[in-house]
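Novice: All I have is the shape, not the residue letters:
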């Protein structure tokens with residue numbers, strides 16, 4: 001069984017500001033209290049194509065696992081889940097896409113999150129559209145375990161929804177900070 005859900009949001013900030021905030025989400029000083037499940041983030045690779053205005057990056061993210069049912073705790077060697085995030089930015093076309101997948105516990109549960117930012121069609125210079133699609137698949141070994149797998153998927157989905165809200169709030173806060181910094185810098189040069 002696969003549980004999927006989609007969330008959409010409109011940031012009332014331009015695309016370049018929102019994507020700058022998204023890159024700062026994990027390193028912002030106020031973030032640790034809001035995203036306490038994120039333990040560590042490391043950049044594994046990055047590539048810039050200045051000719052075409054494209055940037056790609058791969059990061060590893062260590063996440064504190066949510067409280068798991070007893071049988072899953074026994075399968076997990078560690079309370080830390082490792083994830084791989086692949087990001088691509090096409091500045092020329094105003095697109096940023098992020099795909100995150102768990103690397104730990106893939107034999108038991110697979111989680112994939114796809115997020116996309118692009119200029120909002122109604123106000124492309126002022127607003128940014130955001131779409132996040134998440135799929136959670138608990139691999140079931142027997143039909144008896146299907147009901148338990150469904151509960152695990154639902155619990156994971158609820159946790160992802162809660163963390164998504166926190167992530168959007170952090171990006172919004174950073175956008176407001178960047179906006180005020182831009183205004184302050186503009187006033188200095190008048």
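Specialist: Yes, it's here. Everything numeric in this text was worked out from a predicted model, so none of it was measured.
Novice: For beta bridges, what are the partners of residue 42?
Specialist: residue 60 (DSSP bridges).
Novice: Any figure for the gap between it and residue 114?
Specialist: Counting by Cβ to Cβ, to the nearest Å, the separation of residue 42 from residue 114 is 21 Å. From N, CA and C alone the C-beta is placed, and that goes for glycine too.
Novice: out of these two, which sits in the busier spot?
Specialist: A side-by-side neighbour count of residue 42 and residue 114, using other Cβ atoms under 10 Å, places residue 114 first with 15 against 9.
Novice: ok so that one is a helix residue?
Specialist: No. Inclusion of residue 114 in a helix is not indicated when DSSP: H, G, I helix; E, B strand; the rest coil is applied; the result is strand.
Novice: ok, now which ones touch the nearest residue to it once chain neighbours are set aside?
Specialist: Computed as Cβ to Cβ, 6 or more residues apart in numbering, the closest residue to residue 114 that is not its neighbour in sequence is residue 133, at 4.7 Å. For residue 133, the contact set (Cβ atoms under 8 Å, 6 or more residues apart in numbering) comprises 4, 5, 6, 113, 114, 115.
Novice: And for residue 109?
Specialist: 72, 102, 136, 137, 138, 139, 152, 153, 156.
Novice: now it: how far from residue 152?
Specialist: To residue 152, residue 109 is 7 Å away according to Cβ to Cβ.
Novice: Same question for residue 129.
Specialist: Applying Cβ to Cβ, the value for residue 129 to residue 152 is 31 Å.
Novice: Between those two, tell me which one has more neighbours.
Specialist: More neighbours surround residue 152 than the other of residue 129 and residue 152, with 22 against 19 (other Cβ under 10 Å).
Novice: pull the helix or strand with minimum mean pLDDT from the chain.
Specialist: Using mean pLDDT, DSSP states H and E, the weakest-scoring helix or strand in the chain turns out to be helix 70-75, at a mean of 58.
Novice: Sort out which residues of the helix or strand just after it are buried, please.
Specialist: Next in sequence after helix 70-75, counting helices and strands by DSSP states H and E, comes strand 80-90. Neighbour counts over strand 80-90 (16 or more other Cβ atoms under 10 Å) mark 81, 83, 85, 87, 89, 90 as buried.
Novice: And the contacts of the helix or strand following strand 80-90?
Specialist: As assigned by DSSP H and E, the chain's next helix or strand after strand 80-90 is strand 95-102. Residues external to strand 95-102 that are found in contact with it (Cβ under 8 Å, 6+ apart): 15, 19, 22, 61, 81-90, 109-118.
Novice: do the same with stretch 12-22
Specialist: 11, 89, 94, 96, 98, 117-119, 124-128, 130, 170-172, 174-175, 178-179, 182.
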